[in-house]
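> could you work out the structure for the sequence below:
(one chain, ligands or ions: 2)
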Amino acid sequence: MKQVHVAVGVIVRDGHIFLTRRAEHQHQGGKWEFPGGKCEAGETVQQALARELQEELAISTLKSEPLVVISHDYGDKQVKLDTHWVTEFSGEPASQEGLQGRWVAAAELAQYDFPEANKPILDKVLATLT
Ligand SMILES: Nc1nc2c([nH]c(=O)n2[C@H]2C[C@H](O)[C@@H](COP(=O)(O)OP(=O)(O)OP(=O)(O)O)O2)c(=O)[nH]1
Ligand SMILES: [Mg+2]
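Ligands and ions are numbered 1, 2, ... in the order given. Alright, predicted model coming up:
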């Protein structure tokens, strides 16, 4: 099965992370996630990240750096989560697609239900911010 390459942004400001909630009809629906989406043909992961954050949250990414890359097999779908810190951006994140979105304190991230593949991302984020 083909692996889906996903650009994922951990948007951080003042010890808080911006989370969005996946729509019920989507893969891993209802779970909280770090914003992002699939890389399109011919795009670098940074370009895909900037495009997705513009589309989903209407922010412009000014500075990002690699955090971790995770390959995970959900059985029905194989994903590669190419995860980046987003440390500088312009605009105020606002969920554009009718989805829920909110700033969450790092110490409260563990209370949220994330997709299975996110575990190592959470561990790294918590190790860095708490
Ligand atoms: N953006 C994002 N995706 C994640 C995370 N964790 C995780 O397993 N994923 C998976 C869910 C999806 O299969 C894929 C994200 O692609 P996407 O945001 O374009 O998802 P999508 O639902 O539009 O994809 P599709 O149904 O059209 O195939 O990566 C996460 O933290 N953020
Ligand atoms: Mg998405």
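
> check which residues of the lengthiest helix in the chain are buried.
Taking DSSP state H as the assignment, the helix of the chain that covers the most residues is helix 45-57. By neighbour count with 16 or more other C-beta atoms under 10 Å, helix 45-57 contains the buried residues 45-46, 48-53, 56-57. For every residue, glycine as well, the C-beta is placed using N, CA and C.

> tell me if I'm right that residue 52 and residue 37 touch.
Yes: the criterion here is C-beta atoms under 8 Å, and residue 52 meets it with residue 37 at 4.3 Å.

> tell me which parts of this structure are close to ligand 1?
Contacts of the chain with ligand 1, taken as C-beta under 6 Å from any ligand atom, map to 6, 8, 26-28, 33-38, 77, 79, 81, 115, 117-118.

> mind checking which of those residues land in strands?
Secondary structure defined by DSSP state E assigns 6, 8, 33, 36-38, 79, 81 of the residues of the chain next to ligand 1 to strands.

> okay, now the unreliable bits of this structure?
By pLDDT under 70, the chain has no low-scoring segment.

> what's the closest of the buried residues of helix 45-57 to ligand 1?
Distance to ligand 1 across the buried residues of helix 45-57 (C-beta to the nearest ligand atom) is lowest for residue 52, with 7.4 Å.

> contacting residues around the closest one?
Residues in contact with residue 52 (C-beta atoms under 8 Å, 6 or more residues apart in numbering) are 7, 9, 35-37.

> among these, which one lies nearest to residue 64?
Nearest to residue 64 among the contacts of residue 52: residue 9, at 6.9 Å, using C-beta to C-beta.

> that closest one: what's it in contact with?
Applying C-beta under 8 Å, 6+ apart, we find residue 9 in contact with 34-36, 49, 52-53, 61, 64, 83-86.

> and the gap between the most centrally placed residue in the chain and residue 2?
With the centre of the chain defined as its mean C-alpha position, the nearest residue by C-alpha atoms, centre = their mean is residue 34, 2.5 Å away. Per C-beta to C-beta, to the nearest Å, residue 34 is found 22 Å from residue 2.

> what bridges to residue 81?
With DSSP bridges as the criterion, residue 81 is bridged to residue 6, residue 70.

> contact partners for it?
Taking C-beta under 8 Å, 6+ apart as the test, what residue 81 contacts is 6, 8, 69-72, 117-118, 121.

> right, I'll call it a day here.
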